[in-house]
Each structure stands twice: as structure tokens, then as C-alpha cells.
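K.L.:
here is my input; please provide its structure:
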Amino acid sequence: MAGRQFVKVYLDLMSQPCRAVLIFLKNNKIPHTVVNVALRKGEQTLPEFTKLNPMQKVPVMEDNGFVLTESDAILKYLATTNNVPDHWYPKHPEKRARVDEYTAWHHMNTRMHAAKVFMFEVLLPRMMGQPTEPVKIEKALVELEGTLDKLENMFLKRQAFLCGDDISLADLLAICELMQPLGSGRDVLKNRPKLLSWRNRVQSALADSFDEAHSIVYRLRDKSKAKL
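P.N.:
Residues are numbered from 1 along each chain as shown. From the prediction side, this is the model:
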């Protein structure tokens, strides 16, 4: 859009939804500036950030004075206000509803269960100085397996991507969550050929923007391997 200011996004790339937002911006060449908010330093609680988002969470987007929180809303806003390919968030009502169906399900399923594995294997041990009880990790993995079953059998079925034959916001949100456990060296998809093929297709569609955004996860993975 001629004369439009850059979108400003407040991100921490250890956050899965933040990575999704950055990948979308880069992949679609949407002009933007990034403000880094280091969650590990508590920068989300600083007064200036709390004014922007009283929930003290990232990502946050600011577009010419319009402030928006929540990755799902941010991605859909960016898709509808920029000239991006229609497959991301289709205009066709039924195709769009499929993306909305997944993103409504995502928060209490893919996001919650993949994040819990990462929390137990990486975050809590760092905070507490000792490993999480194996039984808690095992329970989290069982819950995640149930979610992975649904991704395969309900969303992927026999199609290439979660909501159809091309990549959408649903795939972007999902892949960023499912990459997170790699931070402990755990590939949660390694025994699932169908989901591995899907991940390869998503990575191929996202090209360089995928690996750039996930470089911090790769570094964590490499550190965890070095300890073995």
C-alpha cells in the first residue's frame, strides 16, 4: 500500500507465536520493524510495554496507531490488510472457515500440549535447577500424542496441508509449536511419517524465513545434544 508505514512488531523468538508472526512478515515481504522483548529478562513487565499490552505478553503488533495482541488475530489482520496470496487466509467462506476451525482448536491442543513438553524438559529445569519428574514428562507426551493423532486423522486426512492443498495460517501456527520441543533435542514427529512429510512441505513453502526464525531453537537443540 503506497505511503503506508512499516508495521511494528514486538517479539521474543523463544516464543512460538512470535516466530509465526515473523515468518509470515518475512515470507510475504511485508515491510516491518522488530522490537525485541526479552521475556527471560522480564521486559514484558516494564511500564512502557504494559501500556501497550496490559496482558504483558508477546507478540504485539502496532500498525499506524492500531495496537493488536494475540498471534491468531495479528496473522489474520496482516493477511487481510496486505496483498498476500489468498491461500494464507482464503476469501472463500468455506475455505476460510476451515482455517478458523483449526485456529480455534489450536490454542487448547497443539499449542498447549507441545508447549507443556518444552516447559517440563527445558524451562522448569532451568528455573528450578533440577530435572522434572519423568512421570510428568510422560503424561505430557501422551497428551501430545493425542493431539498429533487429531492433526493426522482430522486435519491432514489425505490433503497436503492442514486446511487444504496449500499452506495457510493454520500450518504456520502449528509448525512453530511442534518445533518447540526440539529445544530439548526431542523431535515429536520423528515416528510419524505423515506429519514428517507435512513438516517438510511446510518448511519448503516457507523457505529461508523458517530456518531464520527457528535458529534459536536449533541452538538450544545443539546445546542439549552436546550435553549427552
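K.L.:
strands of this protein, start to end?
P.N.:
Secondary structure of the chain (DSSP state E): strands located at 7-11, 32-36, 60-63, 66-69.
K.L.:
nearest to residue 49, of the ones you listed?
P.N.:
strand 7-11 (7.1 Å; CB to CB). No exception for glycine: its C-beta is placed from N, CA and C like everyone else's.
K.L.:
and that closest one, what does it pack onto?
P.N.:
helix 16-27, strand 32-36, strand 60-63 (3 or more CB pairs under 8 Å, 6 or more residues apart in numbering; DSSP states H and E).
K.L.:
of the ones you listed, flag the one that's most buried.
P.N.:
Ranked by mean neighbour count, the helices and strands packed on strand 7-11 are led by helix 16-27 with a mean of 24 (mean count of other CB atoms under 10 Å).
K.L.:
next, the angle strand 32-36 makes with that one.
P.N.:
150 degrees (axes from the mean of the first three to the mean of the last three CA atoms, to 10 degrees).
K.L.:
chain center to helix 16-27: distance?
P.N.:
On the basis of CA atoms, centre = their mean, to the nearest Å, helix 16-27 sits 7 Å off its chain's mean C-alpha point.
K.L.:
can you start the count at 3 instead of 1 from here on
P.N.:
Sure, I'll start counting at 3 from here, so that last one is helix 18-29.
K.L.:
export that helix to CSV, keeping only CA atoms.
P.N.:
C-alpha atoms of helix 18-29 as CSV (Å, rounded to 0.1, in the frame of the first residue of the first chain):
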residue,chain,number,x,y,z
GLN,A,18,6.3,-19.9,19.2
PRO,A,19,3.6,-17.4,18.2
CYS,A,20,6.2,-14.7,17.8
ARG,A,21,8.1,-16.9,15.3
ALA,A,22,4.9,-17.4,13.3
VAL,A,23,4.3,-13.7,13.0
LEU,A,24,7.9,-13.0,11.9
ILE,A,25,7.9,-15.8,9.4
PHE,A,26,4.7,-14.5,7.9
LEU,A,27,6.0,-11.0,7.6
LYS,A,28,9.3,-12.1,6.0
ASN,A,29,7.8,-14.7,3.7
